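Enquirer: What shape does this take:
(chains A, B, C and D)
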Amino acid sequence: MSVELKKLIPRWAVFFVVAVALVWSLLIPRKSDFPGTSVVKGVYDRIDALPAGSPVLISSDFDPGSEAEMEPMLRAVLAHCWRKKLRVVVMTLCSPNSMPLARRIVTEAAATHGAVEGTDYALMNFKAGASAAILALGQSWAQVYPVDLNGTKISEIPAMKGITKLTDFPYALCIASVNTADSWVLAGNARYGLNVGIGCTAVSATDYYPYLNSKQITGLIGGLAGAAQYESLVKEPGDASAKMPTQSVIHVTIVLLIVIGNILHFVAKWRKS
Amino acid sequence: MIHLKRTVPLAIAFLSGIILMLQYFIPHPASETVLQYSQDWLTTIAYVAMLLGVGSLLQSHSLKIRRQVPGWGYSAVALITFGLTVLAGFHGKEDGPGGPLNWIYENLLNQMSATMFSILGFFIASAAFRAFRARSLESTLLLLAAVIIMLGQVPVGAHLPVIPEAAAWILAVQTTAAKRAIMFGVALGSIATALRVIFGIERAYLGGE
Amino acid sequence: MTILGAWIAVGLTLFMFSFLYKDNPFYKFGESLYVGIALGYSLVRLWYQTWIDKVWEVLKSDASGKWWVLLPVAIGLLLLTRFVPKVSWLSRWAFAFLIGYGSGMAIPAILTTSIVKQAEATAKPLVSMPDKSEAAKKSVDGAKAAWDKAKAAEPTETDAVRATRIRYEEARSRTEYTFVTAYRDLTTLAIFIGVFSVLFYFFFSIEHKGPVRIFSRIGILFLMIYFGASYGNTAMGRFSLLYGRVLTLKKFGGGDYYYSTGILVVVMIGVLTALHFKNRGKEERA
Amino acid sequence: MIRCLAALLLASGTLAAQVPEGFDVADTPGDAGGSVVASWKQLPNEDASVTYVVSVSRSKDGPWEEASRFPATGGFKSDAPKYFWFWSSNREEHFVEIPAFEPGEGEKGPIEIWVRLEVVTPSATAATAPLSATPRPNWWNWPKTNVFVFICLFGVATFYLIRRARRDPNLFIRRIPGLDAMEEAIGRATEMGKPILYLNGLDGMSSISTIASTCILGQVARRVASYDTQISVPCYDPVVMSVCQEVMREAFYSSGRPDSYRPESAFFVTNDQFGYVAAVDGIMMREKPAACFYFGFYYAESLLLAETGGTTGAIQIAGTDSVTQLPFFIASCDYTLIGEELYAASAYLSREPIQLGSLVAQDWGKIAVLGVLLLGTLASLARLDFFKHLLATF
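Expert: Down below sits the predicted model:
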């Protein structure tokens, strides 16, 4: 960093600007509507087109570490499904402690939407061996999940009516912060032709663009931005839309910082020559 | 004696390398058990090796305390908290770590690691301010791509005319191409290094005589 | 979260944040605390998870191949010979096993996932041939019907109508060479050129002049755009962490935690300014 | 002639269903021995109305239990390249995989499985004579042989180039700015009498990135020994710490300064990601090293290290193959080795022929990959699937 620039703008001034932007955006709670991009609509349109009463599979493959980005996504999709009177089946391939997390989010969301366990949604316990589990589900659902999370037999759960194997679900959404999304594409879509959508963290969104490009997945919800877009599509203001104003303010602050940095750089160079 | 110090380790590296490489091609249950057991072996070795780490930590910090190096007080803090944490952990129930250890995890360890992680937010801003300068064509493209993607992800940017389409194109094309090519290079480099280690061409890790 | 727990959490958070100003006693204390606790915590946690579960229980049980468990313990002991300088060369056997294991495991896995799979994915036709099959024809007509129905329902082009139009154009682009097909081919071509030129940039033993130089220049431009995009893309996730921390400080700064954040901030600023002037005084005297 | 006669008769629905030829039961190829495969040739004029029913039993004429039932339009060998690869004949042969054991019954050893096939048409049913097979674990998975061949080719190329590099030592290797700057950085550290900080990343000793990083440390330690500079190597993993100590001892001995080697220059910090970062940042701010080297594999903490190093005014050189962290190193370090350059560094610095030979092999690998991409694109344009099958991975 050129020396005179360092004297002009010491490092902690940049931190101070970021801190002020953060606190200021916290104080003004503004809801933002974020127009859905085609990538997020790829998931929204598919679920929206399902007739009432049809089942939707959600694989909630994230653990407490990446809850900040993934929980709003799961809540927005659940709200959309229950508003369309769809039956939701939630399972997980990620890790033992991702099902208790999913159960908490689903029961909280169900309470706000009046969804009843058993009729509007069913929970399945964690199953290890991502692709192997999906391949087995493709053969027969009951072989992998004879009973649901609380031990009731599959045949007795109304939400599971008519589900004998994976392809009985017209649509499956994998919300993952781990690479089980690849297993859903390779084992679910490639092998059984299951319609798959992916929800993932902002960092790994770039990994799944090739699948979009080759039509192996119908759509992609990427990070907090994707969740906020889905929330505005479903017109269900949630956690992601609430955080969006802060993200906007900080991102604009950084872009301004970059611009100012460049201006100072060229001024310094011009003054030297 | 020289064989024990050099030839035997090279033979061990060669054998374990070849066995693990062939395991990928052999579906026989024997090779499955080799893979499954060897992964458990690694965690056991890592645990026993942790005693080496504890030894080094105790040695370096107690050296600072004995020599009264300025700031030795902080080394004392490190050793004391290490001892307290171990005591808190083992005093609990027979089968699992005690309640106090979870308390330490929740209120101390978790908070500090979350804070260090969140400091990244500040550093992303200061690194962007310091490094994104339009000095050359490359750094200008670096700067533009970062700005376009950052704006493309927030509602403010989504309303701007060309930003969302540019962001989508960059993510779909540049990312796929550059990432794939880098992975080709990295894969070839790591396979070359692995082969050099297995066939004993690379023996720096064996150290001196 | 008990009151004491909240105060400690806020205190340590502020200690670590103080590092943004400059190195100071609060940060040094927090850092040493962190080093001690982290090692102690994993030593205890892994004692139960690794030593008890994977070694002790197996030895106590009467599983058939249970004595094999002692082999990794022996390799671990080989590593501990580093404490005894005279026989520390024995630890090389353990290094050799770990390094050989990692190398042997990596070669087929990396070759498959990073090279063969990716090469297969990139080897797509640069120009997509129109698909004259019956199934493609049926999907085009289906999409056209859906678009007409949606268009008839709402005169203005709402989002729903636009979605069906895009799906129709998508289907049509597979059977005839339309603008959408051209765009898709352009993307495939751009990806192909990108992969090609970035690989050229990585050539070590070939002089970078003539065509090699042009391609490697294009390659570095592709790399820089990718790194910029990846930087911007990751920024979003990092701020949600920062956002979470500030919310925690706000929550614990509330009344039922006796305003811990506010009080601790004031105390720390007081101590830091006092130290600042004390040091400056010492500098003038030195 | 017979074919159209049979078609005529079948159309009139009076012909008794034929039994398919080539009915065979064998152990499933390339598996751990848990199942058998029944396969048979396609009937000349089969359509959706024809159904195949496969039943299984443990003895030649024992109780038959239905294992699988599917219409003639499915179940072709071409659906499972994992077992039968991509031979053109696969499209005309049906197959069914029959698991030999009930779950959890496998330990008792291989048992003979009897299989019978029934062809059910709307008019009649025909059955084949039962055949048997014993599931055996296989020692080689043939569809994976392409990967094995690629490894052997790359290995042979590496050995050939190493031998050739031994004969003509003046091999051209392009300049890597980051590595040339290391020489200058170590010199600067010596003048200022400040230490050099060397980090090996956050992976264990079994990771290839860490192995490459320790090899680079060997070269750096050689120069540090000759310039008699201080070096500090805080480690995240105790095994990596021990290997670093061995590597540095070797470097100091071979450059003739055994006395100035200090084992405590490589020390263990802690094994928590952000605990390590907090401690290393503290070291950077207190000891103010003249040069910071970041090699190996890094995770989210890369920017925390590089940004703090940047503020202490040190020359920073990074080299990692962790693709997600490269942008942060590029933004905050003076020089960054991208991906493969990390693996070229130790060969580049050592200038030894055998190391440079394997570096040229990496270039040959890249040329091969480019060739495969070109051929693959042309082949897929001309609808030649053979080439794509060569690249299939399971």
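
Enquirer: quick one: low-confidence parts of chain B?
Expert: Counting by pLDDT under 70, chain B shows low-confidence ranges at B:92-98, B:208-209.

Enquirer: who in the stretch 101-250 of chain A is up against chain D?
Expert: Residues of the stretch 101-250 of chain A that fall close to chain D, judged by Cβ under 8 Å from any Cβ of the partner chain: A:V203. (Glycine included, C-beta is placed from N, CA and C.)

Enquirer: all helices for the stretch 101-250 of chain A, in order.
Expert: Residue ranges of the helices in the stretch 101-250 of chain A, as given by DSSP state H, counting those that start in this stretch, are A:130-139, A:141-144, A:180-183, A:192, A:205-213, A:223-234, A:239-272.

Enquirer: and the second one, what does it pack onto?
Expert: So the one you mean is helix A:141-144. On a contact count with 3 or more Cβ pairs under 8 Å, 6 or more residues apart in numbering or on different chains; DSSP states H and E, helix A:141-144 meets helix A:130-139.

Enquirer: Run the chain-centre distance for the helix it packs on.
Expert: In terms of Cα atoms, centre = their mean, to the nearest Å, the centre of helix A:130-139 is found 22 Å from the chain centre.

Enquirer: Check whether that helix comes near chain B.
Expert: No: with Cβ under 8 Å from any Cβ as the criterion, chain B is not reached by helix A:130-139; the gap is at least 12.7 Å.

Enquirer: Just the CA coordinates for that helix, please, in CSV.
Expert: Coordinates of each C-alpha in helix A:130-139 appear next as CSV, following Å, rounded to 0.1, in the frame of the first residue of the first chain:
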residue,chain,number,x,y,z
ALA,A,130,-25.8,-40.1,0.7
SER,A,131,-25.9,-41.8,-2.8
ALA,A,132,-26.5,-45.3,-1.3
ALA,A,133,-29.5,-44.0,0.6
ILE,A,134,-31.0,-42.3,-2.5
LEU,A,135,-30.4,-45.4,-4.7
ALA,A,136,-32.2,-47.5,-2.0
LEU,A,137,-35.1,-45.0,-1.8
GLY,A,138,-35.4,-45.3,-5.6
GLN,A,139,-36.0,-49.0,-5.3
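
Enquirer: What average pLDDT does it get?
Expert: Per-residue pLDDT over helix A:130-139 has a mean of 77.

Enquirer: what helices or strands is that helix leaning on?
Expert: helix A:141-144, helix A:180-183.

Enquirer: need the ones you listed in TSV with distance to C:F202, can you?
Expert: Below are the helices and strands packed on helix A:130-139 laid out as TSV (distance: least, Cβ to Cβ, whole Å):
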stretch	distance to C:F202
helix A:141-144	44
helix A:180-183	26
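
Enquirer: just to revisit the earlier point, right, so the helices of the stretch 101-250 of chain A: which one is the most enclosed?
Expert: When you average the neighbours per residue for each of these (mean count of other Cβ atoms under 10 Å in any protein chain shown), helix A:223-234 leads with a mean of 27.

Enquirer: on that earlier part again, go through the helices of the stretch 101-250 of chain A and find the least confident stretch.
Expert: helix A:205-213 (a mean of 74).

Enquirer: Can you spell out which helices and strands pack onto that one?
Expert: strand A:196-200, strand A:220-222, helix B:175-198, helix C:211-252.

Enquirer: Find the one among these with the highest mean neighbour count.
Expert: strand A:196-200 comes out most buried of the helices and strands packed on helix A:205-213 by mean count of other Cβ under 10 Å, with a mean of 29.

Enquirer: Adjacent strands (with direction) for that one?
Expert: Strand pairing for strand A:196-200, determined by DSSP bridges: strand A:171-176 (parallel), strand A:220-222 (parallel).

Enquirer: mean pLDDT for those: which is lowest?
Expert: Looking at the strands paired with strand A:196-200, the bottom one is strand A:220-222 with a mean of 88.

Enquirer: How far does that one sit from its chain's centre?
Expert: The answer for strand A:220-222 is 6 Å, by Cα atoms, centre = their mean.

Enquirer: How are the strands of chain D distributed by residue range?
Expert: Using DSSP state E, the strands of chain D run over D:24-27, D:35-41, D:51-57, D:65-71, D:93-99, D:113-120, D:125-127, D:131-133, D:196-201, D:231-235, D:266-268, D:291-297, D:315-320, D:335-338.
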